[in-house]
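Trainee: using only what follows, build the 3D model:
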Amino acid sequence: MIGGAFLLSAAQSAFNNTIIGTAASTAPGIDPALLLATGAAQVRAAFTSAQVPGVIAAYMAGIKVVFAITIGASAFASVFSLCGSWKKLHAEDLKNAGGAA
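Mentor: Next comes the predicted model:
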């Protein structure tokens, strides 16, 4: 659970940093605060038609970084899951473990 929270924060930070850095070269003159505050659905309404292709390119670069983090974390979790122990659950023990039911 904590790993998910850390990775979500890391992906958001990487997305923000990448989109700002890429937009500086693909769409110069855009306010970074406006870029981050504008959602992906409002890009065409918030920016001029000349700026939209650069903003979309910046969004695509940010999304690629997020997917790279996700793929890396999934690969790590898959490899790490092989380190766990395998225990057989006996049916008799499960019947005796009744609980409050």
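Trainee: so who does residue 52 touch?
Mentor: 43, 44 (Cβ atoms under 8 Å, 6 or more residues apart in numbering). C-betas here are computed from N, CA, C, even on glycine.
Trainee: need phi/psi at it.
Mentor: phi -60, psi -50 (degrees, to the nearest 10).
Trainee: so how far is residue 64 from it?
Mentor: According to Cβ to Cβ, to the nearest Å, residue 52 stands 19 Å off from residue 64.
Trainee: and the helices in the protein, which stretches?
Mentor: 2-26, 32-37, 43-46, 52-81, 91-96 (DSSP state H).
Trainee: switch the ones you listed over to CSV; also include mean pLDDT.
Mentor: As requested, the helices of the chain are exported to CSV (pLDDT from 0 to 100):
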stretch, mean pLDDT
helix 2-26, 93
helix 32-37, 92
helix 43-46, 93
helix 52-81, 94
helix 91-96, 77
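Trainee: tell me, how many residues neighbour residue 18?
Mentor: For residue 18, the count of nearby residues is 19 (other Cβ atoms under 10 Å).
Trainee: adjust the sequence numbering to begin at 22 for everything that follows.
Mentor: Let's use 22 as the start, then, which means that last one is residue 39.
Trainee: hmm, residue 82 and it touching each other?
Mentor: Yes - counting by Cβ atoms under 8 Å, residue 39 does reach residue 82; the two are 5.3 Å apart.
Trainee: can you count the residues close to residue 58?
Mentor: The burial count for residue 58: 10, using other Cβ under 10 Å.
Trainee: ok, now the one 3 residues further on?
Mentor: For residue 61, the number of neighbouring residues by other Cβ under 10 Å comes to 10.
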